[in-house]
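[1] Okay, here's the prediction I keep looking at, along with the sequence it came from:
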Amino acid sequence: MAVTQRHRIAIVDTDIEFPCPETMSVLHGMAQLGRKGIPLGCRSGGCGVCKIEVVAGDYERAKMSRAHVSIEDEAADRVLACCIRPKSALEIRVIGKINRAFPEQIKNTI
């Protein structure tokens, strides 16, 4: 039986770190542990809230909406945390903004 690798994910300029299995997206790995750091939105690539920059490390990426991740973004390792799985330890920088997600819902809760 294959053992699932877990990799350390560190958010630069913070003291936030968490382990994430290779079989899980970086966003889901963080959320499963009840950690904060990367803004949570739809969790499936539709809202763009969890946009990050991978500063160091290797990852596997799933398809991402061009509405949120341009070709230039992808070339610069700016991706959606819900659409990447770690293949090594990662250092990431959060660039997504929570207030971009579901603006009508946010307005209705204020």
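    Yep, that arrived. Numbers count the residues shown, from 1 in each chain.
[2] Mind listing residues that contact stretch 14-25?
    With contacts defined as CB atoms under 8 Å, 6 or more residues apart in numbering, stretch 14-25 is touched by 4-11, 26, 29-30, 32-33, 35-37, 62, 81-87, 90. (Each C-beta comes from the backbone N, C-alpha and C, glycine too.)
[3] Filter these down to just the ones in strands.
    The strands, defined by DSSP state E, take in 6-11, 84-86, 90 from those.
[4] Counting neighbours, which of these end up buried?
    Neighbour-count burial (16 or more other CB atoms under 10 Å) is assigned, among the ones in strands among the contacts of stretch 14-25, to 6-7, 9-11, 84-86, 90.
[5] As a markdown table, the residues you listed with pLDDT and distance to residue 71 would be great.
    Formatted as a markdown table, these follow (pLDDT from 0 to 100; distance: CB to CB, whole Å):
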| residue | pLDDT | distance to residue 71 |
| --- | --- | --- |
| 6 | 94 | 31 |
| 7 | 97 | 26 |
| 9 | 96 | 25 |
| 10 | 95 | 27 |
| 11 | 92 | 25 |
| 84 | 97 | 16 |
| 85 | 97 | 21 |
| 86 | 98 | 23 |
| 90 | 98 | 22 |
